[in-house]
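A.B. asks: Next input, structure requested:
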Amino acid sequence: MTILEQTEKIEYLNYLIKHKITGNAEELSSKLHVSKNTVHRLIETMRQLGCPIEYCKTQKTYYYTTEGGICLKFQQESLDNNELHKVLGGQRTTFFKKLLTYPKYGYVLNYVCSAKLFGQKNIARE
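C.D. replies: Below you'll find the predicted structure:
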């Protein structure tokens, strides 16, 4: 199994575990289209990554003992309202608020904040 295939299996397994619909190892192997041994290896890999996974015999499902999940993809981070407020020294503009509602533009927000910090003219006009 390639790393991409393994990542896809782990992400699907994460979904099943979060929703407590895995079934036992045999049922799970059928859902993932892998062997029962591979199921155990995937779960062990997730545990090594810090996932608190347990199995409930009465409900016949794997579950997380703590709320959370696993994400194995690159995710761009952007500033939240409090971080932005600190960076801008208390100044807020409609322009920045609009950018905050579009996380995919986080890199633009970071550039605009940097320009503001280095004393350049206010480029955040509507």
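A.B. asks: Next, the contact list for the closest residue to residue 52 other than its chain neighbours, please.
C.D. replies: Nearest in space to residue 52, with sequence neighbours left out and distances taken as Cβ to Cβ, 6 or more residues apart in numbering, is residue 65 at 4.2 Å. For the C-beta atoms, the positions are set from N, CA and C on the backbone; glycine is no exception. By Cβ atoms under 8 Å, 6 or more residues apart in numbering, the residues touching residue 65 are 52-54.
A.B. asks: would JSON lines of these with distance to residue 46 be doable?
C.D. replies: Rendered in JSON lines, the data for the contacts of residue 65 read as follows (distance: Cβ to Cβ, whole Å):
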{"residue": "52", "distance to residue 46": "10"}
{"residue": "53", "distance to residue 46": "6"}
{"residue": "54", "distance to residue 46": "12"}
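A.B. asks: Which residues does the longest helix anywhere in the chain contact?
C.D. replies: The helix of greatest length in the chain, counted in residues with DSSP state H as the criterion, is given as helix 3-18. Applying Cβ under 8 Å, 6+ apart, the set of residues contacting helix 3-18 from outside is 1, 22, 28, 31-32, 34, 42-43, 45-46, 51, 53, 61-64, 69-72.
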